[in-house]
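J.: Provided below for reference: sequence and predicted model.
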Amino acid sequence: DVDTRAAKLIERRRDHLSGRFVVRRYVDDYFVFAANEVVAAEVAEVVATELETYNLSINSKKTTKLARPFITERSAAIERIKGPLAAFLANISMRTIVGAGPGADPEMLSGDEAADLPAEVREPSPKFAIVPKDIRSIHRLKAAFLKQVRAVCRSSEFGYGLVTGYLLPALSNHLIRMCQVDSVSAEDESKYRRCILLLVELVFFLYTVSPTVDQSARLASSVLLALSFLEFVGLRDVKLAVEEEVFRSATAFLRESAEVRPAMQGAGLETLNVVTLVGQLGAEFEIPWHILKLWVVPKGGQLSKLDYFSLITLARYCGGRKVYDDAVREVEKAIADRVRDCSKVDLEASSEVIHLVLDALSCPHFSKEFRKKLLKDCVDKLGTRKPRANAELAGAVQWLESHPWFSDWQDVSLFRSLERRQRTSVY
């Protein structure tokens, strides 16, 4: 209403301002775009007058004036890192048409040449892939690039958080682009090995500097896609080397996160997504259960006090592996204890409890006896009709297993699941 009244007042009484300004508001922040400072001051005065009728005022201490070109410190920091990033990517890779020789530029193809390309290359996008160059020293390239990143961070008030928030998606996307060819020749194997290892090292380093939930899903999905690509093109030795690097970087991050986490605070989603990523590696990269608990459970805490995401992540990590049978039983007991301590109101109104129960009931890694008892306990607490026999409980559990709630326990394409999580604001 304030915005409308101010606009009408200016329109009626100040014709000389017409077409010379625009006012925009985001929640309680006003932005006045004007032809010059005099016009801006007059418009701001009208807005302030209208605000006073609602006992509101403009905070002069928070008012800032910007002149063209409009660029914030945030935008300036990103602009400063674009050049070093482009140079780094040009040093390690080049663009090529999928199905064409290395280095073929899409812009240089004739109409006939483009028509001869497979349909999936012509449309839809992307029309090109990224292929690696011969990298002589991973360490030297990485050190030089990170030196430039640190220089930008030191000159920016936002520090690593902003810069890594731009770089990590860019490098992850570049890694994905590199995994869009159908085959790799024997002479190119070492190029892919060095380039993918370099990108994985960098994205993990940038992530550990400023971890967020969104970036953890991006990190995990791009790494899992790269591993899937290496398996597909038959570069199993390269895949093993990448898995070793992922395991080394991930476990170092998990260990350090647990050490600096405040007492009685469990692992956050940005940590749990890394646990999920490690769980997708081979059997030789398993984390011992007693170590995993130290990294996920709060110091001095109990499994039964963990939140929904922590318990489900542990169930997904340990499920289906003989070595973790005892761990799965511990997770079952923790969930049973949580439900036992719940009230009827919790089961009816708590989103976290409802998600935990429904996902546990559909989890094939948990024993059927545990799930039948969990279902019975929930029905008893809710006071609804009790199942007439064990067969009815078993039938309900079987149905729930084939109709998962939030976690799709049978989803082998976990990177797609992580991408969906990344796009889900509630997550």
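T.: Noted; the coordinates are in hand.
J.: so who does Leu89 touch?
T.: Contacts for Leu89 (CB atoms under 8 Å, 6 or more residues apart in numbering) come out as His174. Where you see a C-beta, it was placed from the backbone N, CA and C, and this is true even at glycine.
J.: and whichever strand or helix holds it, what's buried?
T.: Assigned by DSSP states H and E, Leu89 belongs to helix 73-92. Buried residues in helix 73-92, counted by 16 or more other CB atoms under 10 Å: 77-78, 80-81, 84-85, 88-89, 92.
J.: one more: stretch 243-257?
T.: So, applying 16+ other CB under 10 Å, buried residues of stretch 243-257: 243, 245-247, 249-251, 253-254, 257.
J.: now swap in stretch 44-63 and tell me
T.: 44, 46-47, 50-51.
J.: and the helix or strand that contains Glu245, what does it pack against?
T.: Assessed by DSSP H and E, Glu245 sits inside helix 236-260. Contacts defined by 3 or more CB pairs under 8 Å, 6 or more residues apart in numbering; DSSP states H and E place helix 236-260 against helix 189-209, helix 213-232, helix 269-278, helix 289-296.
J.: now do the shortest one: distance to the chain's middle.
T.: For helix 289-296, the distance from its own C-alpha centre to the chain's C-alpha centre is 23 Å (CA atoms, centre = their mean, to the nearest Å).
J.: got any ranges where this structure has weak pLDDT?
T.: Scanning the chain for pLDDT under 70 picks out 13, 15, 69-72, 97-127, 156-159, 263-264, 385-388, 410-427.
J.: quick revisit: contacts for the helix holding Glu245, please.
T.: Contacts to helix 236-260, defined as CB under 8 Å, 6+ apart, come from residues 189, 192-193, 196-197, 200-201, 204-205, 207-208, 211, 223, 226-227, 230-231, 267, 271, 274-275, 277-278, 281-282, 285, 287, 294-296.
J.: could you turn the buried ones of those residues into a ChimeraX selection?
T.: Buried members of the contacts of helix 236-260, defined by 16+ other CB under 10 Å, are picked up in ChimeraX with:
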select :192,193,196,197,200,201,204,205,207,208,211,223,226,227,230,267,271,274,275,277,278,281,285,287,295,296
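J.: so who does the spatially closest residue to Leu358 that is not a sequence neighbour touch?
T.: Here the nearest residue to Leu358 in space, its sequence neighbours aside, is Trp405; by CB to CB, 6 or more residues apart in numbering that works out to 3.8 Å. Contact analysis of Trp405 by CB under 8 Å, 6+ apart lists 355, 358-359, 361-362.
J.: related to what we said a few turns ago, what's the angle between the helix holding Glu245 and helix 189-209?
T.: For helix 236-260 against helix 189-209, the angle by axes from the mean of the first three to the mean of the last three CA atoms, to 10 degrees is 10 degrees.
J.: where does the residue nearest to Ser222 when sequence neighbours are not counted fall, secondary structure wise?
T.: Spatial nearest neighbour of Ser222, chain neighbours left out: Ser172 (3.9 Å); criterion: CB to CB, 6+ apart. Assigned by DSSP H and E, Ser172 falls within helix 159-177.
J.: using the three-state scheme, assign the residue nearest to Ala129 when sequence neighbours are not counted.
T.: Spatially, and ignoring its direct neighbours in sequence, Ala129 is nearest to Gln180 (4.3 Å; CB to CB, 6+ apart). With DSSP: H, G, I helix; E, B strand; the rest coil as the basis, Gln180 sits in coil.
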